[in-house]
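**Q** Need coordinates for the below:
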Amino acid sequence: MKFAVLVFPGSNCDKDMYNAVRDSIQQPADYIWHTATDLSAYDCILVPGGFSFGDYLRCGAIARFSPVMKALVEAVERGTYVLGVCNGFQILTEAGLLPGALLRNNTLKFRCHQTALIVENNNTPFTTAYSQNEEITIPIAHGEGNYYVDDATLEEMQANNQIIFRYKKGANPNGSTDDIAGVSNKRGNVIGMMPHPERAVHELLGSSDGRRMFYSILNTWREKHGEATVVR
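**A** Purely as a prediction, here's the structure:
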């Protein structure tokens, strides 16, 4: 399975993503600069966190117009798996690949710490290694992680099981609507989340719960291609 890690000017979690793939699930990964125009060689595309283009205008607003985004849209239409984390989540919402928008944290402060999440949907290519309603620990590091959707969109997302992760009740760190921490598109091949699973792939990092997300992606792809799954 081949992974692409997109890199924009100002990305700073690209190495974390790369290492999570290479070290945790031993799969090949390539850094892809934002001027690339072809992603057809990749089975999963990772859009990392950071401060793309310095977060000018608003988070993800300029990165959304990078040449690689046209190729990303085409990949999504082909059914390629796409995971956007933190600034990557913001870019995906700006590009219209995911519903909603990310606002300033309601505390108006940058939050950086471990966070308890609840797995709301384990029936996606990214979450099969988790149990439904399982509590996991994944770190956050963001100043604009306050996820917002209007009531009509929220109702539609709930009906379509597009809410993938919620912050544990009483532990919402940013004011997100309905405690939402991660969502998918209707098709289920694109997920965006504010917490960083790539920073939770070993107990030395404080949690290894994020490792299972990468195993989920790999095993879903292997099953699709008739290959044996790997130990999680």
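
**Q** Dump the C-alpha coordinates for the longest helix anywhere in the chain into PDB.
**A** Ranked by residue count and defined by DSSP state H, the top helix of the chain is helix 211-224. Presented in PDB, the C-alpha positions along helix 211-224 are these (Å, rounded to 0.1, in the frame of the first residue of the first chain):
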ATOM      1  CA  ARG A 211      -1.600   3.400  15.800                       C
ATOM      2  CA  ARG A 212      -4.800   1.400  15.200                       C
ATOM      3  CA  MET A 213      -6.000   4.100  12.800                       C
ATOM      4  CA  PHE A 214      -3.100   3.300  10.500                       C
ATOM      5  CA  TYR A 215      -3.700  -0.400  10.900                       C
ATOM      6  CA  SER A 216      -7.400   0.100  10.000                       C
ATOM      7  CA  ILE A 217      -6.500   1.800   6.800                       C
ATOM      8  CA  LEU A 218      -3.900  -0.900   5.900                       C
ATOM      9  CA  ASN A 219      -6.200  -3.800   6.700                       C
ATOM     10  CA  THR A 220      -9.200  -2.300   4.900                       C
ATOM     11  CA  TRP A 221      -7.000  -1.900   1.800                       C
ATOM     12  CA  ARG A 222      -5.600  -5.400   2.100                       C
ATOM     13  CA  GLU A 223      -9.100  -6.900   2.500                       C
ATOM     14  CA  LYS A 224     -10.300  -5.000  -0.600                       C
END
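
**Q** and that helix, how far out from the chain's middle?
**A** 14 Å (C-alpha atoms, centre = their mean, to the nearest Å).

**Q** do stretch 195-205 as well
**A** That offset, for stretch 195-205, works out to 13 Å (C-alpha atoms, centre = their mean).

**Q** average pLDDT across that stretch?
**A** Summarised as a single mean, pLDDT over stretch 195-205 is 96.

**Q** Pull up the distance across it, start to finish.
**A** 14 Å (C-alpha to C-alpha, to the nearest Å).

**Q** same for the longest helix of the chain, what does it pack against?
**A** Packing partners of helix 211-224 (3 or more C-beta pairs under 8 Å, 6 or more residues apart in numbering; DSSP states H and E): strand 81-85. Yep, even glycine has a C-beta here, placed from its N, CA and C like the rest.

**Q** just checking, what packs against the strand it packs on?
**A** Here strand 81-85 touches strand 44-47, helix 67-78, helix 87-94, strand 190-193, helix 211-224, going by 3+ C-beta pairs under 8 Å, 6+ apart.

**Q** out of those, nearest to Val21?
**A** helix 211-224 (6.4 Å; C-beta to C-beta).

**Q** Going by neighbour count, list what's buried in the closest one.
**A** For helix 211-224, the neighbour count (16 or more other C-beta atoms under 10 Å) marks Arg211, Arg212, Met213, Phe214, Tyr215, Ser216, Ile217, Leu218, Asn219, Thr220, Trp221 as buried.

**Q** With distance to His142 and pLDDT added, can I get those in JSON lines?
**A** Shown next, in JSON lines, are those (distance: C-beta to C-beta, whole Å; pLDDT from 0 to 100):
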{"residue": "Arg211", "distance to His142": "21", "pLDDT": "97"}
{"residue": "Arg212", "distance to His142": "22", "pLDDT": "97"}
{"residue": "Met213", "distance to His142": "18", "pLDDT": "98"}
{"residue": "Phe214", "distance to His142": "21", "pLDDT": "97"}
{"residue": "Tyr215", "distance to His142": "25", "pLDDT": "97"}
{"residue": "Ser216", "distance to His142": "23", "pLDDT": "97"}
{"residue": "Ile217", "distance to His142": "22", "pLDDT": "97"}
{"residue": "Leu218", "distance to His142": "27", "pLDDT": "97"}
{"residue": "Asn219", "distance to His142": "29", "pLDDT": "96"}
{"residue": "Thr220", "distance to His142": "27", "pLDDT": "96"}
{"residue": "Trp221", "distance to His142": "29", "pLDDT": "96"}
